[in-house]
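**Student:** here are the coordinates; sequence isn't available:
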């Protein structure tokens, strides 16, 4: 059973985007044994936390927090004080990857309160490509027998797509490889211009936005995922894993601890 709460937030800011005061009414009428909130930084989650603490309803936290990204000493101190206090308010935690698990431990959560509920994607979908589509895709994108790298993240600054483009343009001429750049985003024009100016062997292909099925089939057709992001977990790593890709990833994508064995699969 499910109930969809009315969102009354007038804000587009991520932390203020969800304000649903009816959460307290639902908790009051529901007779719930346990509450799980996704994150602690929305007004709705804080209202749920406050109600549960007042009425002694066990409440657990699922968040994507990690301590891999570099931050200033002042920010680190503020985070230490805030998160140590905040995490004491919860009765349990779900860790979605090793970095997330270690994050909880770092801020005083005892191991006994953490359950491992790992990040995943639609594994059966990504592992069940349609080989019949490969010939069509090879023809569409002018692919032959090259080593195929694929960039599957959005073209936004924090994903660092230009790093992938620059690296590929610097490959030696004798390397027979191509890079397929999926998706779209505000950095696409910059990346395309760099290709125009530097990709003398025409090895980089921009597909623009493709639907999920074509994305899956391109993942399975390719050989290596190239991921240059700085982000929380990195669901694309898991998609690549089920598509049986080798992985080259930035260490600022904390999910790599769980899916990459250096020297073996990435």
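**Tutor:** Perfect, thanks for sending it. What you see is a predicted model; the values in this text were computed from it and never measured.
**Student:** What segments of the stretch 1-150 of the chain are helices?
**Tutor:** 22-30, 43-54, 73-87, 98-106, 123-126, 134-140 (DSSP state H, counting those that start in this stretch).
**Student:** Switch those over to a markdown table; also include distance to residue 170 and mean pLDDT.
**Tutor:** Every residue, glycine included, has its C-beta placed from N, CA and C. Below are the helices of the stretch 1-150 of the chain laid out as a markdown table (distance: least, CB to CB, whole Å; pLDDT from 0 to 100):
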| stretch | distance to residue 170 | mean pLDDT |
| --- | --- | --- |
| helix 22-30 | 52 | 93 |
| helix 43-54 | 45 | 96 |
| helix 73-87 | 34 | 95 |
| helix 98-106 | 30 | 95 |
| helix 123-126 | 30 | 92 |
| helix 134-140 | 26 | 94 |
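**Student:** Figure out which of the ones you listed is closest to residue 175.
**Tutor:** Of all the helices of the stretch 1-150 of the chain, the one in closest proximity to residue 175, counting by CB to CB, is helix 134-140 (19.2 Å).
**Student:** tell me what the closest one is packed against?
**Tutor:** If contacts are counted by 3 or more CB pairs under 8 Å, 6 or more residues apart in numbering; DSSP states H and E, helix 134-140 sits against helix 212-221.
**Student:** Name the residues that touch the helix it packs on?
**Tutor:** 125-126, 129-131, 133-134, 137-138, 143, 148, 150, 152, 180, 182, 207, 210, 225, 239-240, 243-245 (CB atoms under 8 Å, 6 or more residues apart in numbering).
**Student:** go again using 6 Å as the cut-off
**Tutor:** 126, 129, 130, 133, 134, 137, 243 (CB atoms under 6 Å, 6 or more residues apart in numbering).
**Student:** Which of the residues in the helix or strand following that helix are classified as buried?
**Tutor:** Note on helix 212-221: by DSSP states H and E, the next helix or strand toward the C-terminus is strand 224-227. Neighbour counts over strand 224-227 (16 or more other CB atoms under 10 Å) mark 224, 225, 226, 227 as buried.
**Student:** for these, which one is nearest residue 53?
**Tutor:** Closest to residue 53, out of all of the buried residues of strand 224-227 and judged by CB to CB, is residue 227, at 39.4 Å.
**Student:** what's the spacing between the residue nearest to that closest one when sequence neighbours are not counted and residue 20?
**Tutor:** Closest residue to residue 227 apart from its sequence neighbours, by CB to CB, 6 or more residues apart in numbering: residue 249 at 4.2 Å. According to CB to CB, to the nearest Å, residue 249 and residue 20 sit 36 Å apart.
**Student:** next one: residue 196
**Tutor:** Distance from residue 196 to residue 20, by CB to CB: 48 Å.
**Student:** who has more neighbours, the two?
**Tutor:** Comparing residue 196 with residue 20 by other CB atoms under 10 Å, the one with more neighbours is residue 20, at 20 against 9.
**Student:** Angles on the backbone of the residue nearest to that one when sequence neighbours are not counted, please.
**Tutor:** Closest residue to residue 20 apart from its sequence neighbours, by CB to CB, 6+ apart: residue 5 at 3.8 Å. With angles defined as degrees, to the nearest 10, residue 5 sits at phi -80, psi 150.
**Student:** Begin at 521, not 1, for the rest of this chat.
**Tutor:** I'll keep to 521 as the first residue from here, and by that count the last item is residue 525.
**Student:** circling back to that earlier point, looking at the contacts of helix 732-741, spot the one nearest residue 782.
**Tutor:** Among the contacts of helix 732-741, and counting by CB to CB, the member closest to residue 782 is residue 763, at 19.5 Å.
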